[in-house]
Structures are given as C-alpha cells and as structure tokens.
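A.B. asks: based on what follows, work out the 3D shape:
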Amino acid sequence: MPAYEAHMVPLLDALAVAYCEDPETVGPLLKLHAARVLRHDFAEFSESVPDHERAIRAAEADGSRDALCAELPEDVTADPQLTADDAITTATRLTHLASRIRHTRKATP
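C.D. replies: The predicted structure follows:
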C-alpha cells in the first residue's frame, strides 16, 4: 500500500466512525467544511475575488478542517512517518507533478 493510502485509509475510517458515533456533531461539521471548501475553491479560481477575500475563505476552510480533525482519534491525525524509500518516491512524484504544472502554465497564454 502506498504511503499516502496507509495514512488516508485509517483517517477516512476514523471519520466514518466519528460520524456514526455522533452524527449530530460531525454531520454539521462536514456540511460546514464542504461549504467553506467550495467557497475557497471558487475564490481561488475567480479573477473577481480580491486577495483579502481569498485569504478569509482559506482561513475559514482551515478552521472547519481543524474542527473536524478534533473529532478524530490522535493516532490517525498524527503526521505519517515515511520510510526513506517512501519519502523519495513521494518527493519524486511531487517533483514530477510540479514540473507538469509549470510546463502546462507556460504553454497557455
């Protein structure tokens, strides 16, 4: 299992369990976070939204994400510990993706 899956699977499982255990708390947090993520996404890609509004929407999304993470057990919210090989693989993938983004953006006017 790739390193990101090893971290994401328990995180998603814990979120599902947290929702089942307390849907009255976690459900509204999920809805709030979804709305804030969509507002932030719109602000990031809209040329008419001023920079300060983008920053506000990013902070709102961060806040609701933090509230959701507070409902999860510590063992799934801790930073993953990568082996040296997994770290190199992840870095290589990130570099490859960043390279594609850079070359794609230069190619478009």
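A.B. asks: please count neighbours and contacts with C-alpha atoms only from this point.
C.D. replies: Fine.
A.B. asks: which stretches of the chain form helices?
C.D. replies: 3-21, 23-45, 51-70, 74-77, 84-107 (DSSP state H).
A.B. asks: pLDDT below threshold where in this protein?
C.D. replies: Counting by pLDDT under 70, the ranges of the chain that qualify are 1-4, 6-7, 75-80, 103-109.
A.B. asks: can you give the domain ranges for it?
C.D. replies: Structural domains annotated on the chain: 3-78, 80-109, as defined by automatic domain parsing.
A.B. asks: for the shortest one, which positions count as buried?
C.D. replies: I take that to be domain 80-109. Thr90 (16 or more other C-alpha atoms under 10 Å).
A.B. asks: neighbours of Leu72, how many?
C.D. replies: By other C-alpha atoms under 10 Å, 20 other residues sit near Leu72.
A.B. asks: wait, isn't it in contact with Leu15?
C.D. replies: Yes: the criterion here is C-alpha atoms under 8 Å, and Leu72 meets it with Leu15 at 6.4 Å.
A.B. asks: measure Arg102 to His96 for me?
C.D. replies: Distance from Arg102 to His96, counting by C-alpha to C-alpha, to the nearest Å: 10 Å.
A.B. asks: show me what contacts the spatially most central residue of the chain?
C.D. replies: Ranked by distance to the mean C-alpha position of the chain (C-alpha atoms, centre = their mean), the top residue is Arg65 at 8.2 Å. Each residue near Arg65 by C-alpha atoms under 8 Å, 6 or more residues apart in numbering is listed here: His33.
A.B. asks: distance check, it against His96.
C.D. replies: Taking C-alpha to C-alpha, one finds Arg65 at 28 Å from His96.
A.B. asks: how about Ala59?
C.D. replies: For Ala59, the distance to His96 - C-alpha to C-alpha - is 29 Å.
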